[in-house]
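> Everything below, folded, please.
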Amino acid sequence: MKLLTQKIIKNPLVSSSFIMLIGTNLYNASQFLYHSLTGRFLGKAYYGDLAALISILGLISIVQLSFGLTIIKFIASQKDKRKLANLIKWISLWSIVGGISLGLITLIIAPFISKFLNLQQIYGVYVLVPTVAITIIVTAYRSILQGILEFKKYVISFISEAAAKIILLILFIALGLTVFKGILAIFLSIIFGLLVARLFLGEYLKGKRGEKPEVAPIVRYSMPVLIQGLALTSMYSTDLMLVKHFFTPEQAGLYASLIILGRIVFFGASPITNVMFPLIVKRHSDGEPYHNILYLSTVLVGLVSLSIVSLYLFLPSLPINILYGQGYLEGAPLLWLFGLFMSLLGLSVLFIQFYLSIGKTKVVWLFVLAALLQAVLIWFLHGSIETVVKNSIITSALLLFSLLVYFPYHHKK
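Next up, the predicted model:
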């Protein structure tokens with residue numbers, strides 16, 4: 001028994017997942033503290049504005065998040081240290097160019113975003129412009145840290161950003177919180193996280209860039225990953241934006257509180273998937289067995305998800321009271337449904353990232369179909385908040401089923 005325990009502890013998935021679970025969930029806790037404070041001090045209507053803007057930020061920045069998976073794939077596969085350092089320098093440059101480009105696109109579409117979401121306070125949307133640009137760069141740096149398996153440094157960068165965000169938010173509350181200041185706190189804290197991540201990569205970024213790496217394989221891999229990333233972000237963001245469009249500001253604020261609590265399930269288990277991806281990439285590229293990492297990851301994600309959904313089913317008022325207060329308790333009977341939706345989505349992400357880690361990219365179209373189905377169902381069937389979340393549950397369940405059906409065939413050429 002002692003030998004088995006030591007073997008489990010020394011397993012790279014378990015040890016690295018533990019670091020990521022602790023660190024990333026400290027960051028997630030700060031996220032929920034942020035939403036708790038803004039939900040209380042802004043009120044339902046203005047909080048609905050803020051939550052919708054944050055969802056837009058997620059939709060736009062998924063371009064760089066998907067690029068991040070591509071970075072991890074090629075960094076983790078690189079065996080030559082000199083080529084690795086050169087690749088990191090080029091990735092840094094590409095992220096800066098990409099950040100500026102996407103920031104300009106965000107600036108152009110900002111007025112349309114404000115009108116579609118019926119924002120009460122419109123100026124917060126313009127803070128998204130520099131936020132998108134900086135987020136792309138910092139996520140590129142963090143993806144590099146994941147690719148070289150520096151999970152501790154990755155976590156430190158996240159925690160630094162989280163601490164800065166909460167400190168700034170408390171300051172803005174003291175000065176009088178608005179939607180603009182809520183987004184500004186996010187922007188300034190991301191800059192701080194960027195500085196920390198860049199400090200950890202200082203040795204790799206020193207010196208001049210060498211010969212430009214071959215771009216074609218990176219582009220070929222990044223496109224399906226981008227498609228998957230857009231579909232994934234759509235599945236946990238589009239519902240909130242459509243609710244903001246179809247429902248009253250108060251109902252949208254209530255929905256936002258439930259979906260944010262539901263995301264605890266998704267993001268609570270996501271560190272396991274984030275560790276699994278580079279480990280399988282490395283083993284697959286080295287020709288070593290890797291399926292045991294997937295199986296263990298599935299068990300761990302399932303246990304984390306089940307424990308949180310059980311809490312939401314039997315004690316729904318507890319998390320709502322802690323994060324938002326009694327004004328949001330009317331959504332308590334529905335909370336476990338939001339947790340179930342995010343559990344199914346989290347398991348789907350686990351399997352899609354497994355397939356991507358071994359180069360199986362065509363399966364991403366299953367995610368696209370699921371995202372389209374979810375949006376269509378909510379657009380035509382949105383009589384109540386319960387109907388909206390049940391549409392999302394049906395969609396994510398069908399997605400997970402499809403990914404499991406594909407599993408026996410993934411190793412075949």
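> mind showing which ranges of this structure have poor pLDDT?
Residues of the chain that meet the criterion pLDDT under 70 lie in 1-18, 44-45, 56, 58-65, 110-111, 113-125, 411-413.
> Swap in 50 and give it another go.
Scanning the chain for pLDDT under 50 picks out 4-5, 9.
> in it, which spans are helices?
Taking DSSP state H, the helices of the chain run over residues 2-10, 12-77, 81-116, 128-147, 151-175, 179-200, 202-205, 216-246, 249-285, 291-314, 317-323, 335-357, 364-380, 385-406.
> what's the closest of those helices to residue 329?
Closest to residue 329 of the helices of the chain, according to CB to CB: helix 317-323, at 5.7 Å. Glycine gets a C-beta too; all of them are placed from N, C-alpha and C.
> Which elements pack onto the closest one?
In terms of contacts (3 or more CB pairs under 8 Å, 6 or more residues apart in numbering; DSSP states H and E), helix 317-323 is packed against helix 12-77, helix 249-285, helix 291-314.
> looking at those helices, which is buried most?
The highest mean neighbour count among the helices and strands packed on helix 317-323, using mean count of other CB atoms under 10 Å, belongs to helix 249-285: a mean of 23.
> quick one: it to helix 12-77, angle?
80 degrees (axes from the mean of the first three to the mean of the last three CA atoms, to 10 degrees).
> Might you calculate how far helix 249-285 sits from the centre of the chain?
The chain centre lies 6 Å from the centre of helix 249-285; the measure is CA atoms, centre = their mean, to the nearest Å.
> Check which helices and strands that helix sits against.
Using 3+ CB pairs under 8 Å, 6+ apart, helix 249-285 is in contact with helix 12-77, helix 128-147, helix 216-246, helix 291-314, helix 317-323, helix 335-357, helix 385-406.
> just so I know, which of those helices lies nearest residue 253?
Taking CB to CB, helix 12-77 is the member of the helices and strands packed on helix 249-285 nearest to residue 253, at 3.1 Å.
> so who does residue 149 touch?
16, 76, 278, 279, 282 (CB atoms under 8 Å, 6 or more residues apart in numbering).
> Identify the farthest-apart pair in the residues you listed.
16 and 76 (12.7 Å).
> sorry, back to before: can you redo the contacts of residue 149 as CSV with distance to residue 398?
What follows is the contacts of residue 149, written out as CSV (distance: CB to CB, whole Å):
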residue, distance to residue 398
16, 32
76, 31
278, 29
279, 29
282, 32
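> and which of those is nearest to residue 130?
residue 278 (29.6 Å).
> thinking that closest one is in contact with residue 144, fair?
No. With contact taken as CB atoms under 8 Å, residue 278 and residue 144 are classed as non-touching, separated by 10.8 Å.
> re the thing from before, got JSON lines for the helices of the chain, with distance to residue 329 too?
What follows is the helices of the chain, written out as JSON lines (distance: least, CB to CB, whole Å):
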{"stretch": "helix 2-10", "distance to residue 329": "41"}
{"stretch": "helix 12-77", "distance to residue 329": "13"}
{"stretch": "helix 81-116", "distance to residue 329": "30"}
{"stretch": "helix 128-147", "distance to residue 329": "31"}
{"stretch": "helix 151-175", "distance to residue 329": "23"}
{"stretch": "helix 179-200", "distance to residue 329": "23"}
{"stretch": "helix 202-205", "distance to residue 329": "49"}
{"stretch": "helix 216-246", "distance to residue 329": "19"}
{"stretch": "helix 249-285", "distance to residue 329": "10"}
{"stretch": "helix 291-314", "distance to residue 329": "13"}
{"stretch": "helix 317-323", "distance to residue 329": "6"}
{"stretch": "helix 335-357", "distance to residue 329": "10"}
{"stretch": "helix 364-380", "distance to residue 329": "24"}
{"stretch": "helix 385-406", "distance to residue 329": "14"}
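> how close does the residue nearest the centre of the chain get to residue 343?
Centrality entry for the chain: nearest residue to the mean C-alpha point is residue 267, 7.1 Å, by CA atoms, centre = their mean. For residue 267, the distance to residue 343 equals 12 Å [CB to CB, to the nearest Å].
> just to revisit the earlier point, now render the helices and strands packed on helix 249-285 as a markdown table, adding distance to residue 206.
Listed next are the helices and strands packed on helix 249-285 as a markdown table, based on distance: least, CB to CB, whole Å:
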| stretch | distance to residue 206 |
| --- | --- |
| helix 12-77 | 17 |
| helix 128-147 | 14 |
| helix 216-246 | 23 |
| helix 291-314 | 34 |
| helix 317-323 | 44 |
| helix 335-357 | 30 |
| helix 385-406 | 42 |
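> Compare those and report which one is nearest to residue 179.
Here helix 12-77 is closest among these (CB to CB), at 5.0 Å.
> now that closest one against helix 151-175, angle please.
Using the same axes, to 10 degrees: helix 12-77 against helix 151-175 is 100 degrees.
> To residue 218, which of the helices and strands packed on helix 317-323 lies closest?
Shortest distance between residue 218 and the helices and strands packed on helix 317-323, using CB to CB, is found for helix 12-77: 6.1 Å.
> Tell me how far the closest one lies from the chain's centre.
The answer for helix 12-77 is 5 Å, by CA atoms, centre = their mean.
> ok, now stretch 201-210?
Here stretch 201-210 is found 28 Å from its chain centre; the criterion is CA atoms, centre = their mean.
> what's the answer for stretch 177-194, then?
18 Å.
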